[in-house]
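Undergrad: make a model of this:
(one chain, ligands or ions: 1)
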Amino acid sequence: MISSATDPALRAVGLAKTFTLHAQGGIVLPVFDNIELTVNAGECVCLVGPSGAGKSTLLRSLYANYKPDAGKILVVHRNETVDLLAAEPWEVVEIRRSAIGYVSQFLRVIPRVPALDVVAGPAIAKGIPADQAKALSKTLLTRLNIPQRLWPLAPATFSGGEQQRVNIARGFVVDYPILLLDEPTASLDAANRATVVDLITEAKARGAAIVGIFHDEEVRRAVADRLFAVGKLSADDWLSQLAAGKVAV
Ligand SMILES: Nc1ncnc2c1ncn2[C@@H]1O[C@H](COP(=O)(O)OP(=O)(O)OP(=O)(O)O)[C@@H](O)[C@H]1O
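TA: Numbers count the residues shown, from 1 in each chain. Presented below is the predicted three-dimensional model:
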């Protein structure tokens, strides 16, 4: 399907997801149903809802880490709108490489690979020359306060917050048209949270479509253009229950 300039960057249509617990008698756990989500270029949509509502499951589904039972995930890739759910596994890898960045809650540590290479990896995979990719990575690591002495070391021994900042740098090293962020600020201090807010604001300004989960209210307020409720509560009901201390994020 050829995309038009007005096509949204990301669209989930009729998305439904259940988990089948094979090790527990095949119990089927419904998570969400009939998700309709449209995200335009330059917009940041924050997923909200009580703990267990399915926010991370939706985000992982949008990255095709989880396979929904029904629906479509339409993304613009090389001027065409493609359905990520109908794509072959090799196409998913290719679409991700150029179109979708994903910052997970925790860094997947690769043994013996230095932090600088962990960050530069996605840029090199996308075809950016190695010296340029490394220069970009150094800038990001500096902005995220990872001391230079750690750059040649593998992040396995880094603190939780250091690993998360390496993860964030890796997610922002490519100017992805779509960015999926799963609690990127969860283990960060105020100064690094502010840097992440700046990175998100800059990504929006260059036209990235962002879907994020932010448990930090201040961060959410700073970056969200729109809230999208996952689960039974509407975004307004969730906000008022949150203010009344009746739900946990
Ligand atoms: N891999 C899995 N296998 C089985 N059930 C799962 C799996 N991942 C998530 N679930 C279940 O799906 C539901 C939604 O989980 P999810 O992590 O998406 O919620 P969430 O809204 O992101 O919660 P939180 O805010 O606490 O992180 C939960 O009931 C969880 O137990």
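Undergrad: pLDDT weak spots in this protein?
TA: 1-6, 246-249 (pLDDT under 70).
Undergrad: my read: Thr92 touches Asp83, true?
TA: One thing to correct before we go on: residue 92 is Val, not Thr. No. Val92 is beyond contact range of Asp83, at 10.7 Å (criterion: CB atoms under 8 Å). Glycine gets a C-beta too; all of them are placed from N, C-alpha and C.
Undergrad: quick one, which of those two is more surrounded?
TA: Neighbours per residue, other CB atoms under 10 Å: of Val92 and Asp83, the larger number sits with Val92, 17 against 14.
Undergrad: who's in contact with the more buried one?
TA: 64, 84 (CB atoms under 8 Å, 6 or more residues apart in numbering).
Undergrad: specify the local secondary structure of the residue nearest in space to the middle of the chain.
TA: Nearest to the geometric centre of the chain sits Leu180, at 1.9 Å (CA atoms, centre = their mean). Recorded secondary structure, Leu180: strand (DSSP: H, G, I helix; E, B strand; the rest coil).
Undergrad: identify the bridge partners of it.
TA: Beta-bridge partners of Leu180, counted by DSSP bridges, are Tyr102, Val211.
Undergrad: mind checking how far it is from Leu10?
TA: Using CB to CB, to the nearest Å, we find Leu180 at a distance of 9 Å from Leu10.
Undergrad: ok, Val31 next?
TA: According to CB to CB, Val31 stands 19 Å off from Leu10.
Undergrad: those two: which is more packed in?
TA: Taking other CB under 10 Å, Val31 and Leu10 do not tie; Leu10 has more neighbours (27 against 22).
Undergrad: show me what contacts the more buried one?
TA: By CB under 8 Å, 6+ apart, the neighbours of Leu10 are 37-39, 62, 73-75, 178, 209, 211.
Undergrad: now it: closest residue in space, sequence neighbours ignored.
TA: In this structure, Leu10 finds its nearest non-sequential neighbour in Val39, 4.4 Å apart by CB to CB, 6 or more residues apart in numbering.
Undergrad: for Val103, same thing?
TA: Closest residue in space to Val103, ignoring its immediate chain neighbours: Gly171 at 3.7 Å, by CB to CB, 6+ apart.
Undergrad: can you confirm the one you found is in a helix?
TA: Yes. According to three-state DSSP, Gly171 belongs to a helix.
Undergrad: so it sits right up against Ile178, yeah?
TA: No. Gly171 is beyond contact range of Ile178, at 11.4 Å (criterion: CB under 8 Å).
Undergrad: which neighbours do those two have in common?
TA: Contact criterion CB under 8 Å, 6+ apart; residues shared by Gly171 and Ile178: Gly101.
Undergrad: coming back round to it: looking at the contacts of Leu10, spot the one nearest Gly101.
TA: Ile178 (7.1 Å; CB to CB).
Undergrad: quick one: contacts for the closest residue to the closest one other than its chain neighbours?
TA: Distances taken as CB to CB, 6+ apart place Ile100 nearest to Ile178, at 4.6 Å, with adjacent residues excluded. Contact partners of Ile100, counting by CB under 8 Å, 6+ apart, are 62-63, 75, 176-180.
Undergrad: please apply the same query to Ala135.
TA: Neighbour list for Ala135: empty [criterion: CB under 8 Å, 6+ apart].
Undergrad: same check on Thr142?
TA: By CB under 8 Å, 6+ apart, the residues touching Thr142 are Gln148.
Undergrad: quick check: which element contains it?
TA: Element membership of Thr142, judged by DSSP states H and E, is helix 130-143.
Undergrad: follow-up on the earlier one: who touches both of Leu180 and Leu10?
TA: 62, 211.
Undergrad: mind checking which of the contacts of Leu10 are in strands?
TA: Residues of those located in strands (DSSP state E): 37-39, 73-75, 178, 209, 211.
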